[in-house]
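Visitor: Predicted model and sequence follow; I will ask about them next.
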Amino acid sequence: MTTPLVALVDCNNFYASCERVFEPWLEGRPIIVLSNNDGCVVARSNESKAIGIPMGAPVHECKDLIRQYGVVVRSSNYALYGDMSRRVMNILSEYSPNQEVYSIDECFLDFTGMPKPLELAAKLRGDVRKRTGIPVAVGIGRTKTLAKLGNYCAKRIEPYKASGVFSWEELEAMDYMHLLCGIDVGEVWGIGRRIAAKLESLGIHKVSQLVTADPKLIRKHFSVVVERTVNELNGTPCLSLEEMAPDKKQIIASRSFGNLITDLEDLEASVASHVSRGVEKLRRQHSTASLLTVFIQTNRFRLQDPQYHPSLPVALVQPSADVGVFQTAANQALRRIYRAGYRYKKAGIMLQGIQSDQVWQTDLFAPEPDPVREALMQTLDRVNRKYGRGTVKAATELLGSRWQMKQELRSPRYTTCWEELPVVR
DNA sequence: TCTGGGGTCCTAGGACCC
DNA sequence: TCTGGGGTCCTAGGACCC
């Protein structure tokens, strides 16, 4: 039986790299990309990491560093990143029959039985770079956790960093232990801050110590999750490749506002737009939901302001995927929790009780499903998919726009918008 | 002045049932 | 006044991920 082999391909500084593809003068310069509302740092180029800009930091706390080093700052441009991601993933799918797209910038590939995996990884890396301009690193191992850790080595540790590829299978035993002695437990996939701190208190600081720890002891102190991680580090697969993304069990659509909001109309408009986005996601996976929750929040960082964080769940009479049903329910819920006199910072909706729209649980008192109504929904889906989200929207969404987020530093949508195509001179 | 958004899984504890 | 034991289901909260 052949040993299972997994490759984890991860784009380097993905958002920053996307910006660079279309503005090559950014090469070699420090770049950061901000979260929605231009709030926090969510991506950094290597140069920005080197000068000490922390991940997730509020941008206003970094303004000195930004000025001092001439850091290029960009708002996030998800239209661009999403499209670039699709292109990269398409290329990667050519390199394995089985691919799991794990996030916008990384995927697992099944390398089981592939001849010369390291050479294949190097080829793939050059190919992606040539066809999209995006640099990637590849980690290879017998389990997903090892592939992930291998990717860390390919990105951070010389001499592997120079080639951008790494495989645990090609190491001498000596090198293997030596390497593990140099990596902190916190770098392992699944070991976050809390668990790392607790491991430290047990005297487990380096991956070499975690690998040799007794899984039963780990189970006792932590949970099955961490026990699985230890087994995976030892080469026993506990996590399988999932090619099909499972349907979402919960859908959240929410945003912070560009400004603080006091009026009900503005909240109504924002909630209506979140309902549209949420139900669109729901319909895309051919599901219905039976529970809608509306929430609004004041700015928790403004200690001088009175705080109010209400939420109200609404159970539907029967599961639905009709945006009109959710709009009505959401608006009623919002009116019930809204209190004047607060300055709101965020609003959102959550869809739960999600199931396939093929399941039909009839309710004695529920009205028959209306085929005309469903046809209307499908037409709406098609129009918005073809001409862009928000082409047809609920009238409530037009009530106010003061809630719109700030995106003052966004680059053009080079690949998805005719008006913003790059120009070659 | 300025502080993201969207997910998953696991566990503990309470409600409830027999 | 005395007051079992075991099972399931649900929810809240904690941990993780990108």
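Guide: Good, I have the coordinates.

Visitor: From now on I want contacts and neighbour counts done on CA atoms only, so please keep to that.
Guide: Fine.

Visitor: Nearest to DNA strand B: which residue in chain A?
Guide: A:R255 (2.9 Å; Cα to the nearest atom of the strand).

Visitor: chain center to the helix or strand containing that residue, what's the gap?
Guide: Per DSSP states H and E, A:R255 falls inside strand A:251-261. Distance of strand A:251-261 from its chain centroid, counting by Cα atoms, centre = their mean, to the nearest Å, is 17 Å.

Visitor: how about the strands in chain A?
Guide: Remark: strands assigned in chain A by DSSP state E are A:6-11, A:31-34, A:41-44, A:72-75, A:99-103, A:106-110, A:136-141, A:165-167, A:251-261, A:287-298, A:311-320, A:344-352, A:355-356.

Visitor: Could you dump these into JSON lines and include mean pLDDT?
Guide: Output for the strands of chain A, formatted as JSON lines (pLDDT from 0 to 100):
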{"stretch": "strand A:6-11", "mean pLDDT": "98"}
{"stretch": "strand A:31-34", "mean pLDDT": "97"}
{"stretch": "strand A:41-44", "mean pLDDT": "96"}
{"stretch": "strand A:72-75", "mean pLDDT": "96"}
{"stretch": "strand A:99-103", "mean pLDDT": "97"}
{"stretch": "strand A:106-110", "mean pLDDT": "98"}
{"stretch": "strand A:136-141", "mean pLDDT": "98"}
{"stretch": "strand A:165-167", "mean pLDDT": "98"}
{"stretch": "strand A:251-261", "mean pLDDT": "94"}
{"stretch": "strand A:287-298", "mean pLDDT": "94"}
{"stretch": "strand A:311-320", "mean pLDDT": "90"}
{"stretch": "strand A:344-352", "mean pLDDT": "95"}
{"stretch": "strand A:355-356", "mean pLDDT": "89"}
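
Visitor: Which one of these lies nearest to DNA strand C?
Guide: Closest approach to DNA strand C among the strands of chain A is made by strand A:99-103 (4.8 Å; Cα to the nearest atom of the strand).

Visitor: Tell me how many other residues crowd A:V275.
Guide: As a burial measure, A:V275 scores 30 neighbours (other Cα atoms under 10 Å).

Visitor: pLDDT score assigned to it?
Guide: pLDDT, A:V275: 96.

Visitor: got the contact list for it?
Guide: A:V275 is in contact with A:A253, A:V323, A:F326, A:Q327, A:A330, A:I349, counting by Cα atoms under 8 Å, 6 or more residues apart in numbering.

Visitor: ok, which of these also contact DNA strand B?
Guide: Filtering the contacts of A:V275 for proximity to DNA strand B by Cα under 7 Å from any atom of the strand leaves A:A253.

Visitor: Present the contacts of A:V275 as TSV; the columns should include distance to A:V41.
Guide: Formatted as TSV, these follow (distance: Cα to Cα, whole Å):
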residue	distance to A:V41
A:A253	21
A:V323	34
A:F326	34
A:Q327	33
A:A330	32
A:I349	25
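
Visitor: can I get the contacts of A:V275 in TSV with neighbour count and distance to A:R29?
Guide: What follows is those, written out as TSV (neighbours: other Cα atoms under 10 Å; distance: Cα to Cα, whole Å):
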residue	neighbour count	distance to A:R29
A:A253	19	34
A:V323	22	45
A:F326	25	47
A:Q327	21	46
A:A330	26	46
A:I349	26	39
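
Visitor: surely A:I140 meets A:L5?
Guide: Yes. Using Cα atoms under 8 Å, A:I140 is in contact with A:L5, at 7.0 Å.

Visitor: quick one: which of those two has more around it?
Guide: A:I140 (32 against 23).
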